[in-house]
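> Curious how this folds, go ahead:
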Amino acid sequence: MLISGVVGLLLFNTSMTQASFAATALEEQATSPAAREQTLQMELEDLRKPDRVATEAQEMGMVPPTAPTFLTLDGRVLGEKLPALPENKLDLTPPTPIKPKIPAPAPTIVKVVAEPEPNTKADKHAKKSAKGHHKNKQSRKRR
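So this is what the prediction gives:
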């Protein structure tokens, strides 16, 4: 009976270990497509950026039209038909940043001066009476 109990525990432990490995393998399979989807989504966002599309269009020789023309539902053409010329291409290079006149300016130091303590006896007396008045209010609240 003891031997059958030990064998049962060993079989149970083995089946739990196998189940754990199977669960780990399934988790890896689930996360792999999710990571791939995220990578593809980021690549798609990069491909859809307007500046990249405009740059590639210009490299293929595309230029914006000089004057738009419109087609109506009955087949009429509105607007003047003009060819798009290479001179009409847009300048897609960003402007150069403005550099400061002084590359490393000296730091600006501001000194703040505190107000001086009151020197007159009347000012000192006013401060003391204000402190005493505050203490009287607190003692009244405690009662």
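
> what domains does the record give for this structure?
24-60, 63-92 (automatic domain parsing).

> got these as JSON lines, with distance to residue 10 columns?
C-beta: built from backbone N, CA, C; applies to glycine. Compiled in JSON lines, the domains of the chain are given as follows (distance: least, CB to CB, whole Å):
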{"stretch": "domain 24-60", "distance to residue 10": "21"}
{"stretch": "domain 63-92", "distance to residue 10": "71"}
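
> Point out where this protein drops to low pLDDT.
Under the criterion pLDDT under 70, the flagged ranges of the chain are 118-143.

> one more time with 90, if that's ok
Across the chain, the ranges flagged by pLDDT under 90 are 1-38, 51, 54-55, 57-69, 79-108, 112-143.

> can you give me the helices for it?
Under the criterion DSSP state H, the chain contains helices at 2-47, 50-59, 121-142.

> related to what we said a few turns ago, dump the domains of the chain to CSV, plus distance to residue 101 and mean neighbour count.
Putting those into CSV (distance: least, CB to CB, whole Å; neighbours: other CB atoms under 10 Å) gives the following:
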stretch, distance to residue 101, mean neighbour count
domain 24-60, 31, 10
domain 63-92, 26, 10
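
> among those domains, which is nearest residue 112?
Checking those against residue 112 by CB to CB gives domain 24-60 as the closest, at 47.5 Å.

> Residue 103 is nearest to which of the domains of the chain?
Nearest of the domains of the chain to residue 103, taken as CB to CB: domain 63-92 at 28.0 Å.
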